[in-house]
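Asks: Show me the folded form of this:
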Amino acid sequence: MKWDKIINDKIFHSKKSLIQVRDQWKQQHEKVVFTNGCFDILHLGHIDYLSKAADLGKRLIIGVNTDASVSKIKGPNRPIIEEITRLTKLASLAFVDAVILFDEETPLELIKSVRPDVLVKGGDYKISTIVGAEFVNQNGGNVIVIPFLKGHSSTSYINKISNL
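Replies: Modelled structure (predicted):
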């Protein structure tokens, strides 16, 4: 088994190629789960959240903010980890099926392209504030908020490192 090929095959460089694979999964009646985020410093909270998201379906797709969009959201000192490393780390997780970068302010266009059966976000969201929730609900999908694992956030780890 060639792990680098398996990992690289999960990294999609175009929406078109992702949609082709997603359509194959749909034809095979596999439930697709979508989530998105920065995933700057991958930690136990991310693993807990993503594994629980993966349990909600057969396939897990993760939209990952580009470096430029992370900087817009989190500030000029972020991301700590560059996008190709963030993509590769996520793709290396056994329960992740696809990762793709998005540079837009929100993942709405990506969500509309992917057409997930389940849209998942972490515990700091309410369903009413989740981008794409209305679209997913209108198309027969479900929107789920997974509670955070307490004590684990990228910001808390960054603050801890900064205080050393």
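Asks: What lies in contact with the helix or strand bottoming out on mean pLDDT in the chain?
Replies: Ranking every helix and strand in the chain by mean pLDDT, DSSP states H and E puts helix 154-162 at the bottom, with a mean of 79. Identification of contacts with helix 154-162 by Cβ atoms under 8 Å, 6 or more residues apart in numbering yields Cys38, Asp40, Ile41, His43, Ile80. Where you see a C-beta, it was placed from the backbone N, CA and C, and this is true even at glycine.
Asks: Columns distance to Lys112 on top of the residues you listed, output as TSV?
Replies: Formatted as TSV, the contacts of helix 154-162 follow (distance: Cβ to Cβ, whole Å):
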residue	distance to Lys112
Cys38	21
Asp40	25
Ile41	29
His43	30
Ile80	30
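Asks: circling back to that earlier point, just the CA coordinates for the least confident helix or strand of the chain, please, in CSV.
Replies: Output in CSV follows, covering the C-alpha atoms of helix 154-162 (Å, rounded to 0.1, in the frame of the first residue of the first chain):
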residue,chain,number,x,y,z
SER,A,154,-6.1,26.2,18.2
THR,A,155,-6.3,29.6,19.9
SER,A,156,-5.7,28.1,23.4
TYR,A,157,-2.7,26.2,22.1
ILE,A,158,-1.3,29.2,20.4
ASN,A,159,-1.7,31.3,23.6
LYS,A,160,0.0,28.5,25.6
ILE,A,161,3.0,28.5,23.2
SER,A,162,3.1,32.3,23.2
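Asks: what's the closest non-adjacent residue to Glu30?
Replies: Spatial nearest neighbour of Glu30, excluding adjacent residues (Cβ to Cβ, 6 or more residues apart in numbering): Lys58 at 3.9 Å.
Asks: Kindly state the pLDDT recorded for that neighbour?
Replies: Looking at Lys58, its pLDDT stands at 98.
Asks: Gln24: how many residues sit nearby?
Replies: 11 (other Cβ atoms under 10 Å).
Asks: Name the helix or strand for it, please.
Replies: According to DSSP states H and E, Gln24 maps onto helix 15-27.
Asks: what's the spacing between that helix and its chain's center?
Replies: In terms of Cα atoms, centre = their mean, to the nearest Å, the centre of helix 15-27 is found 17 Å from the chain centre.
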